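Visitor: Turn this into a structure:
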Amino acid sequence: MTVRIHEQKKLKESAIELFSHYTDIEILKSELESLGFLERVEKPTLVVMENPDLELYVQIELIPENNVKGYDILTFEEIEEALR
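Guide: Predicted coordinates for the structure are as follows:
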């Protein structure tokens with residue numbers, strides 16, 4: 001599958017922008033879903049979402065009250081490189 005790099009970069013920037021505006025996980029998940037992200041894992045302290053079309057992965061760490069503690073947005077390629 002060929003990843004559209006410009007679209008991937010734009011989507012990553014849009015996701016980062018969301019994290020600068022929101023700390024509530026429910027709002028963030030809704031906004032990320034509207035950008036094509038699918039929820040893969042939800043635990044009390046972690047949410048994982050991905051956009052398979054543009055090969056982006058989001059890991060969100062949570063603190064009590066469903067607020068974001070931190071996040072990572074990686075391309076599938078970056079994940080593969082880290083695993084080598």
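Visitor: Output the below-cut-off pLDDT ranges for this protein.
Guide: 1 (pLDDT under 70).
Visitor: which residue ends up closest to the midpoint of it in space?
Guide: Closest to where the C-alpha atoms of the chain average out (C-alpha atoms, centre = their mean) is residue 58, at 2.4 Å.
Visitor: bridging residues for that residue?
Guide: Assessed by DSSP bridges, residue 58 has beta-bridge partners residue 49, residue 73.
Visitor: try the one 4 residues further on
Guide: In this structure, residue 62 bridges to residue 68 when assessed by DSSP bridges.
Visitor: how many neighbours does it have?
Guide: 19 (other C-beta atoms under 10 Å). For glycine as for every other residue, the C-beta is placed from the backbone atoms N, C-alpha and C.
Visitor: how much space between it and residue 7?
Guide: From residue 62 across to residue 7, the span is 28 Å (C-beta to C-beta, to the nearest Å).
Visitor: Give me the contact list for stretch 40-53.
Guide: Around stretch 40-53, the neighbours that count as contacts under C-beta atoms under 8 Å, 6 or more residues apart in numbering are 11, 25, 29, 32-33, 35-39, 56-63, 69.
Visitor: Could you export it as PDB, CA atoms only?
Guide: Taking Å, rounded to 0.1, in the frame of the first residue of the first chain, the C-alpha atoms of stretch 40-53 are listed here in PDB:
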ATOM      1  CA  ARG A  40      -8.300  -0.100  19.000                       C
ATOM      2  CA  VAL A  41      -7.700  -0.200  22.800                       C
ATOM      3  CA  GLU A  42      -9.400   1.500  25.700                       C
ATOM      4  CA  LYS A  43      -8.200   0.900  29.200                       C
ATOM      5  CA  PRO A  44      -8.500   3.200  32.300                       C
ATOM      6  CA  THR A  45      -5.200   4.800  31.700                       C
ATOM      7  CA  LEU A  46      -4.700   4.300  27.900                       C
ATOM      8  CA  VAL A  47      -6.500   4.700  24.600                       C
ATOM      9  CA  VAL A  48      -5.000   3.600  21.300                       C
ATOM     10  CA  MET A  49      -6.400   4.700  18.000                       C
ATOM     11  CA  GLU A  50      -5.200   4.300  14.400                       C
ATOM     12  CA  ASN A  51      -6.000   5.500  11.000                       C
ATOM     13  CA  PRO A  52      -5.300   2.500   8.700                       C
ATOM     14  CA  ASP A  53      -5.700   4.400   5.500                       C
END
